[in-house]
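S.K.: model the structure of this input:
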Amino acid sequence: MAKMRTVDAAVAILEKEGATEAFGLPGAAINPFYSAMRAHGGIRHTLARHVEGASHMADGYSRAADGNIGICVGTSGPAGTDMITGLYAAWADSIPMLCITGQAPVAKLHKEDFQAVDIESIAKPVTKMAMTILEPGQVPGAFQKAFQLMRSGRPGPVLLDLPIDVQMTEIEFDIDTYEPLPVEKPKASRKQLEKALDMLTSAQHPLIVAGGGIINAGASAQLVELAEILNVPVIPTLMGWGTIPDDHQLMAGMVGLQTSHRYGNETFLQSDFVIGIGNRWANRHTGGLDTYTAGRKFVHIDIEPTQIGRVFSPDLGIASDAGAALDGLLELARERQAAKTLPDYSGWVAECQERKGSLHRKTNFDNVPIKPQRVYQEMNKAFGRDTTYVSTIGLSQIAGAQMLHVFGARKWINAGQAGPLGWTAPAALGVVRGTPDATVVALSGDYDFQFMIEELAVGAQFNLPYIHVVVNNSYLGLIRQSQRGFNMEQNVSLAFENINSPETNGYGVDHIKVAEGLGVKAIRVEDPNDLPAAFDKAKALMGEFKVPVVVEVILEKITNISMGVEINGVNEFEELAETVADAPTAILTKA
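M.R.: Here you go, the predicted structure:
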C-alpha cells in the first residue's frame, strides 16, 4: 500500500465520498490539510471572511441539492468555536455538513497551548459526532464513520478535529480499497402503512403535513403523486415548503403562528385527521397543543424514532425514512385506487380551495415609505417559478413566508429552527455554489444583513451572483414587535444620523456604500413604483458583473406583521384583501 500523510488520505476520502466543495479560512494548525487539498486538486475551496460565515456557506451548499455535503475548514481554537453556530443551524434542521478543524499537537492538549480548546466537548451537543483524532491510524476510519453518520437516520453535521502532528504523520492507506459504509435508514412495514392509510381513509377531512424530511429524502414527487391519488390536501411546514408547488390545487397553505396563511390555519382547524411525514411538530407551527390537537387524530412518520411523541403522542407513530414511507403508501394507494375503494374527498378539496381563494392579506399598498407587503408583491412579479429563495429570521422572513410563492423542493432555503442572524448572505453564497445555474434571491432585514455583511466580498471575489433584497426599516423589527406587550421599544432602533451619509435620512448604516466597498453592486429604492425597475436592473447587473447585487428597500419604520400565540388567534394588524386588486399576486386556486 502507499504511504502518505493522514491529511492526504483524508482528502482522497472526501473525493471518493463525493464531498468536493469546501469553505473556510486557513491557519497555522490546519495548514497541512490545506497543503493536501492543494496537492490533490479535487476539492474546490472558497475563502470566507469569517469562519462562522464559512460554516453557513457549507450549510447552504448542503441544502441546495440532493446529496450535497458541504465542508467547512478552519484552524484551531476560535475557528472551531466560530463554527458552533453553523453546526447548530445544520443540526437543528437535519442538514449533513462536515466541519474540519486544526488542533494543537496531541502532547500539548492538556498544557493550555496557544489556541488549544476542547472543541470535541463543545461541539458534541450540536453534532451527530465530534471527535478529536488522537491516533493517526484512526483518520480514515473517523472520516468513513463521519460520512455514514451524516447520511444515516436523521441527517446532521459532524466535526473532526485534527491535531497538527496527527495531520503530518504518515500512514499506510490505499484509496482504491476504501469503501463508504452502508447508509442506515429505517423503513416502514406494509402493515404499519396499511394501518396509517386505513386511519386516513376513515376520516372526513384528512390532511397531509409535509415536513423537511421529505425534502431531505428527495421524495417530493412521491408526496405530490400520493396526494393526487388520494385527493387529500397538503399542508407543508416551513421546512417542507416547496414539497408541493404553491399553485397546486391540493396545496392548502401553511399553518402556524407566524409563517402561515390565513387559509392554511382555517383549513387545519376544519380537519379531523392529520398524517405528518418527516416533520417535527415545531412550536411555531402548532401553537398551543390543546388547540392544535383538539378533535383530530394524528399519525406521525419520522426517520428518528425518538422524535415520535416528543411534542405530543400521536395515535400512531411509525419510524421510517420519509421516502420509503411515501413509496409504500403509494403502492397501497394505487392498489386501492384500482380496486375503487378510496373515498371521494372532492367536496373537502373544494372547501379548501374556496378558503385559498378568499382568505388573503392585502399586499397592494402605495405608501411612501414603503410597506413591506408591497415588496413581496413585486418580488412575486419579478422572479419566476424557478427562483430559489434564501432567508433566516425576522419580520422580513415571516412576512416573506406569508406572501412569497415557492414552486419546488429546495427553492425555499431557511435556517428554520436555529434562525441565526447573519446566516442569509453566506448561506446564499453556498446555495449559488451548489446550484450555479439557479436564480438565487436572498431576503434579509437590515440587522440580519449587517451581521455578516463582510461575506459579500466572497461573492465578489469568486463571482457568485445572486440578488439580496434588504428590507430596511432601521429597526430590529421582530424584537420591537415582541416588546409591544411590555409597553417598551428599548434598544432596538438601528436609526441614527449618519453624518457621512445624509442621504440615508436617519436610517443609519449606508448599506449601498458598504456593499459597493465590498465589491458588489447595490441599488436603493424609496418609492414602491420603482421596485419593478430596480429588480430588472438587479438582474441585468448580476448577469453583467457576476457578483451579488443588493436591492435595499427603505420601509416604513414600524409595521406589525400578522402573528399570534394560537393558530385560531393570529392577530391581523393590517387591512385584509377584499378584492383581487388588494392582493394581485396571491395564488387563488388552480382547478
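S.K.: show the contacting residues for residue 219.
M.R.: By CB atoms under 8 Å, 6 or more residues apart in numbering, residue 219 lies in contact with 322-323, 326-327. Every residue, glycine included, has its C-beta placed from N, CA and C.
S.K.: let's see which of the residues you listed end up in helices.
M.R.: 322-323, 326-327 (DSSP state H).
S.K.: switch the residues you listed over to TSV; also include pLDDT and distance to residue 36.
M.R.: What follows is the ones in helices among the contacts of residue 219, written out as TSV (pLDDT from 0 to 100; distance: CB to CB, whole Å):
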residue	pLDDT	distance to residue 36
322	97	37
323	97	35
326	98	41
327	98	40
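S.K.: please work out how many residues are found near the closest residue to residue 452 other than its chain neighbours.
M.R.: Nearest non-adjacent residue to residue 452, counting by CB to CB, 6 or more residues apart in numbering: residue 422, 3.8 Å away. The number of residues packed near residue 422 is 24, by other CB atoms under 10 Å.
S.K.: could you do residue 506 as well?
M.R.: Around residue 506 there are 11 residues (other CB under 10 Å).
S.K.: and it, that one's in a helix?
M.R.: No - assigned with DSSP: H, G, I helix; E, B strand; the rest coil, residue 506 falls outside any helix and is coil.
S.K.: related to what we said a few turns ago, closest to residue 523 out of the ones in helices among the contacts of residue 219?
M.R.: residue 322 (40.6 Å; CB to CB).
S.K.: wait, doesn't the closest one sit right on residue 209?
M.R.: No - taking contacts as CB atoms under 8 Å, residue 322 lies outside contact range of residue 209: 11.6 Å.
S.K.: intersection of neighbour lists for those two?
M.R.: residue 277.
S.K.: so for those two, which residue has more residues nearby?
M.R.: Remark: of residue 322 and residue 209, residue 322 carries more neighbours, 30 against 24, as counted by other CB under 10 Å.
S.K.: how near is the more buried one to residue 484?
M.R.: If you measure residue 322 against residue 484 using CB to CB, to the nearest Å, the figure is 39 Å.
S.K.: contacts only, for the residue nearest to residue 452.
M.R.: Contacts of residue 422 (CB under 8 Å, 6+ apart): 52-53, 56, 448, 451-452.
S.K.: equivalent analysis for residue 539, please.
M.R.: Shown in contact with residue 539 (CB under 8 Å, 6+ apart): 382, 467.
S.K.: is it fair to say it lies in a strand?
M.R.: No - with three-state DSSP as the criterion, residue 539 is assigned helix and is not in a strand.
S.K.: would you map the helices across the stretch 51-200 of the chain?
M.R.: Remark: helices assigned in the stretch 51-200 of the chain by DSSP state H, counting those that start in this stretch are 51-64, 78-82, 84-92, 119-123, 139-151, 164-168, 190-201.
S.K.: can you point out the buried residues in the fourth one?
M.R.: The neighbour-count check on helix 119-123 (16 or more other CB atoms under 10 Å) flags 119-120, 122-123 as buried.
S.K.: farthest pair in the residues you listed?
M.R.: Using CB to CB, the two most remote members of those are 120 and 122, lying 7.3 Å apart.
S.K.: the closest residue to residue 48 other than its chain neighbours - how many residues pack around it?
M.R.: Nearest non-adjacent residue to residue 48, counting by CB to CB, 6+ apart: residue 54, 3.7 Å away. If you count neighbours by other CB under 10 Å, residue 54 ends up with 33.
S.K.: so who does residue 54 touch?
M.R.: Applying CB under 8 Å, 6+ apart, the residues contacting residue 54 are 23-25, 46, 48, 72-74, 83, 86, 426.
S.K.: what helices or strands is the helix or strand that contains residue 428 leaning on?
M.R.: In this assignment (DSSP states H and E), residue 428 forms part of helix 424-434. Applying 3 or more CB pairs under 8 Å, 6 or more residues apart in numbering; DSSP states H and E, one finds that helix 424-434 contacts strand 21-24, helix 51-64, strand 387-391, strand 439-445, helix 446-451, helix 456-461, strand 467-472.
S.K.: looking at these, which is buried most?
M.R.: helix 51-64 (a mean of 31; mean count of other CB atoms under 10 Å).
S.K.: who's in contact with residue 350?
M.R.: Residues counted as contacts of residue 350 (CB under 8 Å, 6+ apart): none.
S.K.: quick one: end-to-end length of stretch 311-319, please.
M.R.: In stretch 311-319, first residue to last residue: 15 Å (CA to CA, to the nearest Å).
S.K.: buried stuff in that stretch?
M.R.: Across stretch 311-319, burial judged by 16+ other CB under 10 Å covers 311, 314, 316-319.
S.K.: coming back round to it: so the residue nearest to residue 452 versus residue 110, what's the distance?
M.R.: 34 Å.
S.K.: again with residue 512
M.R.: Counting by CB to CB - residue 512 and residue 110 are separated by 51 Å.
S.K.: and residue 29, by the same measure?
M.R.: Residue 29 is 16 Å from residue 110, by CB to CB.
S.K.: and the two? Which one has more around it.
M.R.: Neighbour count, other CB under 10 Å: between residue 29 and residue 110, residue 29 has more, with 27 against 10.
S.K.: mind listing what the more buried one touches?
M.R.: Residue 29 makes contact with 75-77, 101-104, 115, 164 under the criterion CB under 8 Å, 6+ apart.
S.K.: before we move on, back to that, which among the contacts of residue 54 gets closest to residue 148?
M.R.: The nearest member of these to residue 148, counting by CB to CB, is residue 72 at 19.1 Å.
S.K.: I'd say that closest one and residue 90 touch.
M.R.: No - with contact defined as CB under 8 Å, residue 72 does not count as touching residue 90 (9.4 Å).
S.K.: please enumerate the helices of the stretch 301-450 of the chain.
M.R.: Using DSSP H, counting those that start in this stretch, helices in the stretch 301-450 of the chain cover 322-338, 346-358, 372-382, 395-403, 424-434, 446-451.
S.K.: relative to helix 190-201, how tilted is the longest one?
M.R.: Helix 322-338 and helix 190-201 meet at an angle of 60 degrees, taking axes from the mean of the first three to the mean of the last three CA atoms, to 10 degrees as the criterion.
S.K.: give the buried residues for helix 322-338.
M.R.: By neighbour count on 16+ other CB under 10 Å, the buried set for helix 322-338 is 322-330, 332-333, 336.
S.K.: now swap in the third one and tell me
M.R.: Residues of helix 372-382 classed as buried: 372-380, 382 (neighbour count, 16+ other CB under 10 Å).
S.K.: now do that helix: which elements does it pack against?
M.R.: Using 3+ CB pairs under 8 Å, 6+ apart: helix 372-382 touches helix 395-403, strand 467-472, helix 531-545.
S.K.: which secondary structure elements does the first one contact?
M.R.: In terms of contacts (3+ CB pairs under 8 Å, 6+ apart), helix 395-403 is packed against helix 372-382, strand 387-391, strand 412-414, strand 439-445, helix 477-482.
S.K.: let's see it at 7 Å
M.R.: helix 372-382, strand 439-445, helix 477-482 (3 or more CB pairs under 7 Å, 6 or more residues apart in numbering; DSSP states H and E).
S.K.: ok, residues contacting the lowest-mean-pLDDT helix or strand in the chain?
M.R.: Lowest on mean pLDDT, DSSP states H and E among the helices and strands of the chain sits helix 477-482, with a mean of 76. Residues outside helix 477-482 that contact it (CB atoms under 7 Å, 6 or more residues apart in numbering): 394-395, 445, 489, 492, 560.
S.K.: ok, stretch 198-216 next?
M.R.: Defining contact as CB under 7 Å, 6+ apart, one finds that stretch 198-216 is touched by 93-94, 155, 220, 223, 227, 232-237, 239-240, 243-244, 252, 268, 270-280, 297, 299, 302-303, 316, 322, 342-343, 348, 409-410.
S.K.: cutoff 6 Å now
M.R.: Here stretch 198-216 makes contact (CB atoms under 6 Å, 6 or more residues apart in numbering) with 155, 220, 223, 227, 232-237, 239-240, 243, 270-276, 278-279, 303, 322, 343, 348, 409.
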